[in-house]
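Undergrad: quick one, structure for this:
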Amino acid sequence: EAVRQRGDAALTELTERFDGVRLVPADFAVSKAELMEASLQADESLRAAVAEAHENIATFARKSARKAWQNKNSHGAAVGEKFDPFQRVGIYIPGGTAPLVSTALMTVTLAAVAGCPEIVVCTPPGKDGSVNPALLFAANTAGATQILKVGGAQAIAAMAFGTKTIGRVQKVFGPGNAYVVAAKRQLFGHVAVDLLPGPSEVLVLADDSANPKFVAADLLAQAEHGSGHERVWLVTTSGKLLKAVEKEVARQLPKLARRAFVEKVLATNGWLIHVEDLDAALELTNRLAPEHCEVMTAHARDVAQRIATAGAIFLGDYSPTVLGDYVAGPSHELPTGGAGRCFAGLTVDQFQRRTSIVEYGKGALKQALGAVQKFAEIEGLDAHGRSATIRADK
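TA: So this is what the prediction gives:
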């Protein structure tokens, strides 16, 4: 509400309060000089990683983009759909304990492939007023047209309502902390939103053929994000595997740089679950609707066909979730907290507006008159019926 009423002044105050740096409105936008400096700092390994991920993400997005179509209906009229990109979209890229360089690629790239002419990125500044240069390089490479040093719920409000400095967007995308997600939820209606993604999750569905080292590594990987609210599950038909994974977690954990974050998650939201059979494992998996679901079983493809609520499914021993996080191609912005029962992950068509097209000729109109008149009669809307019959009478 502060941003809605006081605009840029509120953004300056809130940025100082929550990010520890005072920025005046003229400082919000990342300058061309800052983008150039970020590009100069990008070493060859970063450039190669960004290029590799960007190519896969863009290729996947182009394949899944919706395309205009047309057909004839039963009256002989032309009906179809066209898909237009949103003209101005806002994308939130979290800061915090880890600069999510990959999120810039996994969101901005889709907007660019969809053809959105204005792609605005908001991300929180550091205490020195800067943005991580690798994140800037990735966002710029992916196609961002403006990058703003504004974070948190106030960034979502600024994109939804607009300020003197920040133009209003049509739709807001991107993950964030609990405050960002709450802002997206409250502002839905003032602006379109994509998803309400929360802390990361992974469920590993495994039988006795799974490698316990791989399972343990994947559970630990998704527990290290830093919010403390991540959730990790092993659901297995094998008691032997469960015990082996437990030992592997204990062995691998001390070697991790973010051990403290991981330990917190494992203590509160880590589960190793032994079930009677595969049917029970699948029932539980579909009930939990995990963000990421790894299937490490015999006949993994067949098993995956019975999973209907996961955000993304990773098949076999050599498809860890981290590939989806960074380079595989599909966006890693996925539903969490059981929302996969109702929602899918971020796709390029969410950056497109769908419009239906209807074209009748006089002959096709006459074919439709009987049904039109009956509906108009039943609903007591005679002007509706007359708008069709008046054309047939000419």
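
Undergrad: how much space separates the nearest residue to residue 311 once chain neighbours are set aside from residue 10?
TA: Counting by Cβ to Cβ, 6 or more residues apart in numbering, residue 311 lies nearest to residue 334, which is 3.2 Å off, once chain neighbours are set aside. For glycine as for every other residue, the C-beta is placed from the backbone atoms N, C-alpha and C. Separation of residue 334 from residue 10 (Cβ to Cβ, to the nearest Å): 32 Å.

Undergrad: pLDDT below threshold where in the stretch 251-394 of the chain?
TA: Filtered on pLDDT under 70, the stretch 251-394 of the chain yields the residue ranges 394.

Undergrad: redo that, cut-off 80
TA: 393-394 (pLDDT under 80).

Undergrad: re earlier: neighbour count winner among residue 334 and residue 10?
TA: residue 334 (25 against 18; other Cβ atoms under 10 Å).

Undergrad: backbone phi and psi for that one, please?
TA: Backbone torsions of residue 334, given as degrees, to the nearest 10, read phi -130, psi 160.

Undergrad: cool, and residue 20?
TA: phi 70, psi 20.

Undergrad: tally of neighbours for it?
TA: Residue 20 has 12 nearby residues by other Cβ under 10 Å.

Undergrad: that one touches residue 127, doesn't it?
TA: Yes. Counting by Cβ atoms under 8 Å, residue 20 touches residue 127, with 4.5 Å between them.

Undergrad: so where do the helices sit in the stretch 201-350 of the chain?
TA: 212-222, 239-252, 259-269, 278-288, 300-304, 321-326 (DSSP state H, counting those that start in this stretch).

Undergrad: in the first one, which residues are buried?
TA: Read it as helix 212-222. Residues of helix 212-222 classed as buried by neighbour count (16 or more other Cβ atoms under 10 Å): 212, 214, 215, 216, 217, 218, 219, 220, 221, 222.

Undergrad: and what of the longest one?
TA: Going by neighbour count (16+ other Cβ under 10 Å), the buried part of helix 239-252 is 241, 242, 244, 245, 248, 249.

Undergrad: got a list of what the first one touches?
TA: With contacts taken as Cβ atoms under 8 Å, 6 or more residues apart in numbering, residue 241 has the following neighbours: 206, 207, 208, 210, 212, 215.

Undergrad: repeat for the fifth one
TA: When contacts are counted by Cβ under 8 Å, 6+ apart, residue 248 touches 212, 213, 215, 216, 217.

Undergrad: ok, back up a step: tell me the least confident of the buried residues of helix 212-222?
TA: Among these, residue 222 has the lowest pLDDT, at 93.

Undergrad: if I read this right, that one contacts residue 324, doesn't it?
TA: No. If you go by Cβ under 8 Å, residue 222 and residue 324 don't touch, sitting 10.8 Å apart.

Undergrad: which neighbours do the two share?
TA: With Cβ under 8 Å, 6+ apart as the test, residue 222 and residue 324 both reach residue 292.

Undergrad: excluding its backbone neighbours, what's nearest residue 309?
TA: For residue 309, the spatially nearest residue (Cβ to Cβ, 6+ apart) is residue 289, at 3.7 Å.

Undergrad: then residue 213?
TA: Sequence neighbours aside, residue 248 is the residue nearest to residue 213 in space, at 5.4 Å (criterion: Cβ to Cβ, 6+ apart).

Undergrad: tabulate the buried residues of helix 212-222 (JSON lines), appending distance to residue 263.
TA: Formatted as JSON lines, these follow (distance: Cβ to Cβ, whole Å):
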{"residue": "212", "distance to residue 263": "19"}
{"residue": "214", "distance to residue 263": "21"}
{"residue": "215", "distance to residue 263": "18"}
{"residue": "216", "distance to residue 263": "14"}
{"residue": "217", "distance to residue 263": "16"}
{"residue": "218", "distance to residue 263": "17"}
{"residue": "219", "distance to residue 263": "13"}
{"residue": "220", "distance to residue 263": "10"}
{"residue": "221", "distance to residue 263": "14"}
{"residue": "222", "distance to residue 263": "14"}
